[in-house]
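A.B. asks: Just to be clear, the model below is a prediction. Sequence and coordinates:
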Amino acid sequence: MKWKAFLLAGILLVSVLGAGCIGSSGTSEKATPTQKEVTVKDFTGRSVTVKVPVERAVIMSTSALEIVQLLNASDQVVGIPAEAKEDAFLSPSLKNKTVIGKRLNVDDWEKVLALNPDLIVNLYLRKFYDVDEFLNRSAGYGIPVIMLREDRLEDIPKAVELLGKLFGKEKEAKSFGDYFNEQVSEVKAIASKIPAEKRKKVIMIQLIMGKYYLVNGNDVLAQAVRLVGADYMVNLTFNGYTPVRVPMDKEKIIASYKDADMVILLTSAVTPYDQVSELRETMLSDEAWNEIKAVSENHIVILRADMGKDSYLRWSPRMAVGIWVIGKAIYPSYYPDWEGKAKEFLRKFYPFLS
């Protein structure tokens, strides 16, 4: 019987040692054997604890989906927004994931729970949905939420770095971060060579549902205009609030921005190129619009800011090319054709599109 006692003692010793190894590894009991818990700060400053690498993510924005795809982490996504179906930068396999809502809103939380996600990624945009209610619901279900913001150009590589850490794709994230920063440095070098007397004053107009919207100075596209060496003219604040788009009628646009050297007209997710092209022709033939210097001198260009394959003016990794698109539009004699940059970008990060 002694040998049985020794055997039982040995089994208990191995069990205790095994438990000690697990406890010292930093892995949560809730995490799978291949995951560990980390605490990170999201773009709103919230501390969020996430099991990494994330295995089952619900992504509420197309810009975040483009980042996840760039990181080669599409297989770790289980839920997407309806708008993803229209995003030309997303692969068919990613578009075929379960749709759980639209415009940053969850349509059915039961559908989300059925996917058993270990993370939700969303945008902090209070004008589109009730952020507090969303966070309270997700917390009640025990699902961590990472909030991104689309405020600044320099936040794009930071968002890629953050999601790279969470999805276990740090190497891919660093590759993009280095590439993005290299593009910014090259653009800055060109911009530094533009003489002060040749700096152009620029405004951007987006036609949405028949109304004119000015891109405001805090928007990422206005930041890109300044990056390439031009002056952006629209900088409006209302009672302490600075929106990224400002609705304005034709007469006020003309009266406020007569000195503009360049007018950039933008497409949108709901405004196709042909409608913007019609607006350009109308402006050129309209006596009132011609009071703006840029219009009278035929310095109006159309750039794409929609969700199509040839559109690079969105807060997403695409802006690595978008800054070249804007530079070429404003200073064609200083900046090279951006198509070469686009081909390089697609080959490196979205090979299924190249």
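C.D. replies: Cool, got the structure.
A.B. asks: Look up how far Lys193 lies from Thr98.
C.D. replies: Separation of Thr98 from Lys193 (C-beta to C-beta, to the nearest Å) stands at 50 Å. In short, each C-beta sits where N, CA and C put it, glycine included.
A.B. asks: Please say which of those two ends up with more neighbours.
C.D. replies: Thr98 (13 against 10; other C-beta atoms under 10 Å).
A.B. asks: Could you look up the SS state of Phe134?
C.D. replies: Following DSSP: H, G, I helix; E, B strand; the rest coil, Phe134 is assigned to helix.
A.B. asks: in terms of contact, does it touch Val112 like I think?
C.D. replies: No: contact criterion C-beta atoms under 8 Å: Phe134 and Val112 do not qualify, at 11.0 Å.
A.B. asks: Looking only at neighbour counts, state which of the two leads.
C.D. replies: Per other C-beta under 10 Å, whichever of Phe134 and Val112 has more neighbours is Val112, with 22 against 19.
A.B. asks: what about that one, is that helix, strand or coil?
C.D. replies: Going by three-state DSSP: Val112 is helix.
A.B. asks: Checking the nearest residue in space to Val301 that is not next to it in sequence next. Helix, strand or coil?
C.D. replies: Take Val301 and drop its neighbours on the chain: the residue closest to it by C-beta to C-beta, 6 or more residues apart in numbering is Ala329, 4.8 Å away. Using three-state DSSP, the structure places Ala329 in helix.
A.B. asks: Quick one: neighbours of Ala329, just the number.
C.D. replies: When neighbours are counted by other C-beta under 10 Å, Ala329 comes out with 21.
A.B. asks: Please tell me how far it sits from Ile208.
C.D. replies: 20 Å.
A.B. asks: mind checking which helix or strand Val246 is in?
C.D. replies: If you go by DSSP states H and E, Val246 is part of strand 245-247.
A.B. asks: oh, I was asking about Val58
C.D. replies: Val58 belongs to strand 57-59, assigned by DSSP H and E.
A.B. asks: Which stretches in this structure count as helices?
C.D. replies: Listed in chain order, the helices of the chain (DSSP state H) span 2-24, 62-70, 92-95, 109-114, 131-140, 155-166, 170-191, 220-227, 250-256, 273-285, 293-296, 319-330, 339-349.
A.B. asks: Switch those over to a markdown table; also include distance to Arg304 and mean pLDDT.
C.D. replies: Formatted as a markdown table, those follow (distance: least, C-beta to C-beta, whole Å; pLDDT from 0 to 100):
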| stretch | distance to Arg304 | mean pLDDT |
| --- | --- | --- |
| helix 2-24 | 53 | 35 |
| helix 62-70 | 15 | 97 |
| helix 92-95 | 20 | 95 |
| helix 109-114 | 33 | 97 |
| helix 131-140 | 30 | 97 |
| helix 155-166 | 18 | 98 |
| helix 170-191 | 18 | 98 |
| helix 220-227 | 12 | 98 |
| helix 250-256 | 21 | 98 |
| helix 273-285 | 7 | 97 |
| helix 293-296 | 19 | 98 |
| helix 319-330 | 8 | 98 |
| helix 339-349 | 12 | 96 |
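A.B. asks: So if we follow the domain assignment, how does this protein break up?
C.D. replies: Following automatic domain parsing, the chain resolves into domains at 31-170, 187-353.
A.B. asks: what's the closest of these to Asn181?
C.D. replies: domain 31-170 (6.5 Å; C-beta to C-beta).
A.B. asks: residue contacts, Ala196?
C.D. replies: Contacts for Ala196 (C-beta atoms under 8 Å, 6 or more residues apart in numbering) come out as none.
A.B. asks: Kindly check the end-to-end length of stretch 329-337 for me.
C.D. replies: 9 Å (C-alpha to C-alpha, to the nearest Å).
A.B. asks: ok, now stretch 110-119?
C.D. replies: 15 Å.
A.B. asks: That one: which residues count as buried?
C.D. replies: Val112, Leu115, Pro117, Asp118, Leu119 (16 or more other C-beta atoms under 10 Å).
A.B. asks: Give me the distance between the third one and Lys51.
C.D. replies: Pro117 sits 11 Å away from Lys51, going by C-beta to C-beta.
A.B. asks: same question, the last one
C.D. replies: Relative to Lys51, Leu119 is positioned 8 Å away (criterion: C-beta to C-beta).
A.B. asks: Can you find which strand in this protein contains the most residues?
C.D. replies: Longest strand in the chain by number of residues (criterion: DSSP state E): strand 201-208.
A.B. asks: Report how many residues lie close to the closest residue to Lys328 other than its chain neighbours.
C.D. replies: Take Lys328 and drop its neighbours on the chain: the residue closest to it by C-beta to C-beta, 6+ apart is Tyr335, 4.4 Å away. As a burial measure, Tyr335 scores 23 neighbours (other C-beta under 10 Å).
A.B. asks: doesn't Lys211 make contact with Val270?
C.D. replies: No: counting by C-beta under 8 Å, Val270 does not reach Lys211; the two are 11.2 Å apart.
A.B. asks: residue contacts, the residue nearest to Asn122 when sequence neighbours are not counted?
C.D. replies: Leaving out its chain neighbours, the residue that sits closest to Asn122 by C-beta to C-beta, 6+ apart is Met60, at 4.1 Å. With contact set as C-beta under 8 Å, 6+ apart, Met60 has these partners: Pro81, Ile100, Gly101, Leu104, Val106, Ile120, Val121, Asn122, Leu123.
A.B. asks: run the last query once more with 10 Å
C.D. replies: 79-81, 83-84, 100-106, 120-123, 129, 134, 145, 147-148 (C-beta atoms under 10 Å, 6 or more residues apart in numbering).
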